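Q: Fold the following.
(chains A and B)
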There are 2 protein chains.
Amino acid sequence: MTSATPTGVLRGDGAVLATGPETSPDGSTATTLRVALLGCGVVGSEVARLLTEQAVDLQARVGRPLELVGIAVRRGNRPRPGIDPALFTTDAEALVARADVDLVIEVIGGIEPARSLILTALGHGASVVTANKALLAQDGATLFAAAARAEADLYFEAAVAGAIPIIRPLRESLVGDEITSVIGIVNGTTNFILDKMDTDGAGFGDTLTEAQELGYAEADPTADVEGFDAAAKAAILASLAFHTRVTAADVHREGITEVTSTDIASAKAIGCVVKLLAICQLSDEAEGERTVSVRVHPAMIPRSHPLAGVGGAYNAVFVESRSAGRLMFYGPGAGGSPTASAVLGDLVTVARNRVRGAVGPGESSYAARPVASIGTVTTRYHLSLEVADVAGVLARIAQVFAQHDVSIQTVRQNGRGEDAQLVVVTHRATDAALSATVASLRELDMVRDVTSVMRVEGE
Amino acid sequence: MTSATPTGVLRGDGAVLATGPETSPDGSTATTLRVALLGCGVVGSEVARLLTEQAVDLQARVGRPLELVGIAVRRGNRPRPGIDPALFTTDAEALVARADVDLVIEVIGGIEPARSLILTALGHGASVVTANKALLAQDGATLFAAAARAEADLYFEAAVAGAIPIIRPLRESLVGDEITSVIGIVNGTTNFILDKMDTDGAGFGDTLTEAQELGYAEADPTADVEGFDAAAKAAILASLAFHTRVTAADVHREGITEVTSTDIASAKAIGCVVKLLAICQLSDEAEGERTVSVRVHPAMIPRSHPLAGVGGAYNAVFVESRSAGRLMFYGPGAGGSPTASAVLGDLVTVARNRVRGAVGPGESSYAARPVASIGTVTTRYHLSLEVADVAGVLARIAQVFAQHDVSIQTVRQNGRGEDAQLVVVTHRATDAALSATVASLRELDMVRDVTSVMRVEGE
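A: Modelled structure (predicted):
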């Protein structure tokens, strides 16, 4: 690490004053910061390209040149246009263990070998920039502890919502405020699919196929459509917002595979749109010990809500805090260029820190709030029921809701020959109470089917 | 400054390792960071209140307690509920010169005495958090230079768009990217007025009076309605986005006092809405030496543009960059609580830096791009003309546009008895060419009046 650390004298107050370049053992000037890149897929290749193309600007902004010294790839013999082939190595472990590497960018994704590589890099005192939401959501605490031990930086703006600056605003801009809720559309694939279903009236299956053909969904879409990707991001957002450790395992997760065109039409009928939301909430002070709830599920939100207009593969994060009020951050949530922008913003920041011998914010989990189970979380619900169109059906059904302490806000009954459709929107109720209500409703003879149950959020 | 600086040992790489609290000459523990507050109006009193109310959280986030040691006010004898009267002083200069003050918050506003007080504070090594857009836009360079000399922080998130994190994203999140344009609705008063005019169809004067009655506009509304406030913010945004010094004097400024209900109706007719925009643009690489243009004026933007939906006193900033694409930041742009949130976010950040003996980013003006004069800036224009309804009038008018090299995109002619109304929307043209066209049009006998000339942006 000798080439990367500032040489200088200690001011009276302990700050280090740089005294300019010196020559390191290998003959290069000590001012160069050496960067290792792990992964060269869509994001990695864009990062490598921009590191070269924007070298002059990046140097001016950091105060020192950045030099890309190696790129770890799985297969070294694949041609990658525009990138010096001499940079590639299949020995990632050796690359991050190099003593002259100051900054490591990890864009491999997944748990291993990413975790081991990041820990090795931090162990050698390098600062790390990562886009790895899955790893941070599963085992962020281990990484943060390693960064703290090494007094190195661990930055991860690219891990949530692509190019949209949301990590830094939560970690720094809003750190003097009390954030009470974060609601995000943080998965572009599912937003694209739901948006298409809303526009075209098509079902989930057909729309997924179309999204795959257009390149908006992977061949194996599980991580996106089952909500795993959004859940990892929700865990990261909740950890930062509430100064509490939240892992992916703490997140209640429901994907969009069960969303039907009937759900979408039902949402339209009540002036709503269906979105896959990542919802992080801090409970009210008035309700005793404050807990956090973190959940990912499809929900109806009013078309007037700022998140309702977020279309296609775009992402947006809506933040409410005590002093700042309601904020929204909007932009492209994925893709090589946007993610590379976030990675390079972090790279310049950790490089600047390195030049100054400083480190940015580490983990903040002092509040250590309990995570509430989904059964206790309250929200509003929309239900569609097929019922027999007989006298007293509404009274009987209303009685079931009342038995479970679920208060009805509106009911709409549409006759359909011998049957009728009932659309019920409830006041706030716990998930447990609602689930019990639905179970009881299904037991009634006069209820042919419960065709749609969906949460209503954003009011 | 002894009480605030970290005591510790130097690591091998030059970083300072804190070794815990020590006792300072006055007997308090050295861990406390002392805060001086300049100004106790709407924002200052909220900051003072939150510093007390959120003391436990702020301490946990900084790593040390923050202690408010004094509040400079103009009149010391005014009662301010909830704030310890012993904190007030009318001697601001003595407060910022106190050797034990680590952090200074300036929320007085205006040029003097704010500038002198900030320079004194920095001269004593204190870090400064300010909300002072006018001062930063007029003389930011002097402040940044003083902060650099002192190796102290100068943070100013609250100076632009209230609680919306926009300074930090531009200074840090997007610092690895090339920002090409920043378009903001950064003045809540004018947005409230224009929004009201759009909804109610009322004129500027009546709507201003209503805004004043509701507390959305000052008794002397000049700074808002003439665009001075937005121009200061535009200068700050452009400086950060383009790594170039831009002052308020560089900003072309037009207010909203000339906006008529006819303009608003004309905008509606072409699917647009009128907004007061702060527009910062970097010229295309293809056009030779790259310049920046910075301007504030009312403009028509399509109702489909993300900024079009920003209503009431809300603010939003729309950023386009080469890699990240299109981002938008939205939230409350003013008010005591939102501005206090931004101030406290900065306070925690500079306090954390202080604890670590580090400083955050300083001025970045290395690109030093020339500021283009408004005459060379190109945009589209909407014009309404009252003309004599005679044969050949359209041909004659089209000829005038052609003579000045202004290409017409659409023309609509509405007969009105002997007269006709012509509505022209142009392709992109320079301001100089458009001004010359309007002058020539006014000279034509068949042109009774040019009733509206407004730029069309956001496409």
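
Q: which residue is nearest the centroid of chain A?
A: Per CA atoms, centre = their mean, the C-alpha nearest to the average position across chain A is that of residue A:233, at 2.4 Å.

Q: just wondering, since we're on it, how far is it from residue A:248?
A: 9 Å (CB to CB, to the nearest Å). For every residue, glycine as well, the C-beta is placed using N, CA and C.

Q: Using just helix, strand and coil, how would you label the residue nearest to residue A:114 when sequence neighbours are not counted?
A: Excluding the flanking residues, the one nearest residue A:114 by CB to CB, 6 or more residues apart in numbering or on different chains is residue A:108, at 4.9 Å. Put simply, residue A:108 is coil when judged by DSSP: H, G, I helix; E, B strand; the rest coil.

Q: Give me the neighbour count for the closest residue to chain B within the stretch 251-400 of chain A.
A: The minimum distance from the stretch 251-400 of chain A to chain B, using CB to the nearest CB, falls at residue A:344 (2.5 Å). By other CB atoms under 10 Å in any protein chain shown, 28 other residues sit near residue A:344.

Q: Test my guess that it contacts residue A:48.
A: No. Using CB atoms under 8 Å, residue A:344 is not in contact with residue A:48, being 10.9 Å away.

Q: Would you map the strands across the stretch 1-150 of chain A?
A: For the stretch 1-150 of chain A, the strands defined by DSSP state E, counting those that start in this stretch cover A:8-10, A:16-18, A:33-38, A:66-72, A:88-89, A:103-106, A:127-130.

Q: In stretch A:266-278, which residues are buried?
A: By neighbour count on 16 or more other CB atoms under 10 Å in any protein chain shown, the buried set for stretch A:266-278 is A:266, A:267, A:272, A:273, A:274, A:275, A:276, A:277, A:278.

Q: Let me have these in a markdown table, extended by secondary structure.
A: Formatted as a markdown table, the buried residues of stretch A:266-278 follow (three-state DSSP):
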| residue | secondary structure |
| --- | --- |
| A:266 | helix |
| A:267 | helix |
| A:272 | strand |
| A:273 | strand |
| A:274 | strand |
| A:275 | strand |
| A:276 | strand |
| A:277 | strand |
| A:278 | strand |
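
Q: wait, which of the residues you listed is closest to residue B:429?
A: Closest approach between the buried residues of stretch A:266-278 and residue B:429, by CB to CB: residue A:273, at 39.5 Å.

Q: Run through the residues that contact residue A:276.
A: A:185, A:187, A:190-191, A:194, A:227, A:230, A:255-256, A:296-299 (CB atoms under 8 Å, 6 or more residues apart in numbering or on different chains).

Q: what about whatever residue of the stretch 101-250 of chain A ends up closest to chain B, neighbour count?
A: Relative to chain B, the nearest point of the stretch 101-250 of chain A is residue A:176 (2.5 Å; CB to the nearest CB). For residue A:176, the tally of surrounding residues (other CB under 10 Å) stands at 31.

Q: So it belongs to a strand, correct?
A: No. Secondary structure of residue A:176 (three-state DSSP): coil, not part of a strand.

Q: On the three-state scheme, the residue of the stretch 251-400 of chain A closest to chain B is what?
A: From three-state DSSP, the assignment for residue A:344 is helix.

Q: quick one, what contacts residue A:425?
A: A:270, A:380, A:381, A:382, A:383, A:408, A:409, A:410, A:456.

Q: what's the overlap in contacts for residue A:233 and residue A:248?
A: residue A:137.

Q: beta partners for the closest residue to residue A:103 other than its chain neighbours?
A: The spatial neighbour of residue A:103 that comes closest, neighbours along the chain excluded (CB to CB, 6+ apart), is residue A:35 at 4.8 Å. Per DSSP bridges, the residues bridged to residue A:35 are residue A:68, residue A:103.

Q: Now do residue A:35 against chain B, distance only.
A: Distance, residue A:35 to chain B, using CB to the nearest CB, to the nearest Å: 12 Å.

Q: From what I see, that residue and residue A:50 are in contact.
A: No. In this structure, residue A:35 is not within contact of residue A:50 by CB under 8 Å, at 11.7 Å.

Q: Can you spell out the domain ranges of chain A, please?
A: As assigned by automatic domain parsing, chain A contains the domains A:8-162+A:337-356, A:174-332, A:375-456.

Q: want to throw the ones you listed into TSV with mean pLDDT?
A: Shown next, in TSV, are the domains of chain A (pLDDT from 0 to 100):
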stretch	mean pLDDT
domain A:8-162+A:337-356	88
domain A:174-332	95
domain A:375-456	92
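
Q: Dump the strands of the stretch 1-150 of chain A to TSV, plus mean neighbour count and distance to residue B:290.
A: TSV is the format used below for the strands of the stretch 1-150 of chain A (neighbours: other CB atoms under 10 Å in any protein chain shown; distance: least, CB to CB, whole Å):
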stretch	mean neighbour count	distance to residue B:290
strand A:8-10	14	35
strand A:16-18	17	30
strand A:33-38	26	27
strand A:66-72	22	22
strand A:88-89	18	34
strand A:103-106	29	28
strand A:127-130	29	28
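
Q: need those in JSON lines with distance to residue A:205, can you?
A: Below are these laid out as JSON lines (distance: least, CB to CB, whole Å):
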{"stretch": "strand A:8-10", "distance to residue A:205": "63"}
{"stretch": "strand A:16-18", "distance to residue A:205": "60"}
{"stretch": "strand A:33-38", "distance to residue A:205": "36"}
{"stretch": "strand A:66-72", "distance to residue A:205": "38"}
{"stretch": "strand A:88-89", "distance to residue A:205": "40"}
{"stretch": "strand A:103-106", "distance to residue A:205": "35"}
{"stretch": "strand A:127-130", "distance to residue A:205": "34"}
